[in-house]
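> sequence first, then the predicted structure:
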Amino acid sequence: MDYVGPVVGVMRSLKAEGRTGLARPLGAALRGAMEGTNTVAGGLVPAIAAGAVIPVAIPSSSAALRRRGYGVVELIVREAGLHCLPALRSVGSGVDQRALGRAARERNTQGMFAVRSVPLRPVVLIDDVVTTGATLRAATDALRAAGATVIGAVTVASTPLLWSRDTQG
């Protein structure tokens, strides 16, 4: 989905207001996105069900987990009827990325993740919202450095990129 209008409100309510029931429609949207993905022969959802592809959620920061009491992406994934391998953990103390441009997001996410366990089969990353892709690149870099094979990523929503000097590279 495009991360605009009502989708922004739903995601903010889930994240900031603890309205966890909103994870259900977001999980359905995630499942629909995954079913429409042809990343692997036969489809992504059947490949995950067969254990040929391992879903890995982008973890929340420790501060966000303490504040909310739940991991947003993990909750959405459960509502999509899936289970993720907790292969990553968030490390460091990056700042909230909402106000950051592309270059600042890249700097902020460097070293953001540590690998808990290296999946032996190909991985698909799952996140709630993609803006510039910096978080997904940081997770991919960490997993690949540990020896994992990352074949792609699926998100519930994506932001329309607005052109600015900071998004030019």
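Structure's in. What do you need? Residues are numbered from 1 along each chain as shown.
> once you drop chain neighbours, what's closest to Leu44?
Thr37 (4.6 Å; C-beta to C-beta, 6 or more residues apart in numbering). For every residue, glycine as well, the C-beta is placed using N, CA and C.
> same check, this time on Leu88
Phe113 (4.8 Å).
> which phi and psi does the one you found have?
As for Phe113, its main-chain torsions (degrees, to the nearest 10) stand at phi -120, psi 150.
> so it sits against Ala142, correct?
Yes: between Phe113 and Ala142 a contact is recorded at 4.2 Å, counting by C-beta atoms under 8 Å.
> of those two, which one has the most company?
Taking other C-beta atoms under 10 Å, Phe113 and Ala142 do not tie; Phe113 has more neighbours (23 against 20).
> residues contacting the more buried one?
Pro59, Leu88, Arg89, Ser90, Val91, Ala138, Ala139, Ala142, Leu143 (C-beta atoms under 8 Å, 6 or more residues apart in numbering).
> what is the burial count for the fifth one?
Right, the one you point to is Val91. Neighbours of Val91 (other C-beta under 10 Å): 14.
> now it: closest residue in space that isn't a chain neighbour?
Val91 sits nearest to Ala114 (C-beta to C-beta, 6+ apart), 4.8 Å away.
> quick one: the strands in this structure?
Ranges of strands in the chain, per DSSP state E, are 54-57, 88-90, 113-115, 123-130, 150-158.
> let's have those in a markdown table, adding distance to Ala63 and mean pLDDT.
Listed next are the strands of the chain as a markdown table, based on distance: least, C-beta to C-beta, whole Å; pLDDT from 0 to 100:
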| stretch | distance to Ala63 | mean pLDDT |
| --- | --- | --- |
| strand 54-57 | 17 | 96 |
| strand 88-90 | 9 | 92 |
| strand 113-115 | 15 | 92 |
| strand 123-130 | 17 | 95 |
| strand 150-158 | 22 | 95 |
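> could those strands go into CSV alongside distance to Asp2?
CSV is the format used below for the strands of the chain (distance: least, C-beta to C-beta, whole Å):
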stretch, distance to Asp2
strand 54-57, 22
strand 88-90, 26
strand 113-115, 26
strand 123-130, 10
strand 150-158, 7
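> is it true that the residue nearest to Leu44 touches Ile48?
No: Thr37 lies out of contact with Ile48 (C-beta under 8 Å); the separation is 10.6 Å.
> which one of those two has more residues nearby?
Neighbours per residue (other C-beta under 10 Å) separate Thr37 from Ile48, with Ile48 holding more: 19 against 16.
> any idea how far Asn38 is from the more buried one?
14 Å (C-beta to C-beta, to the nearest Å).
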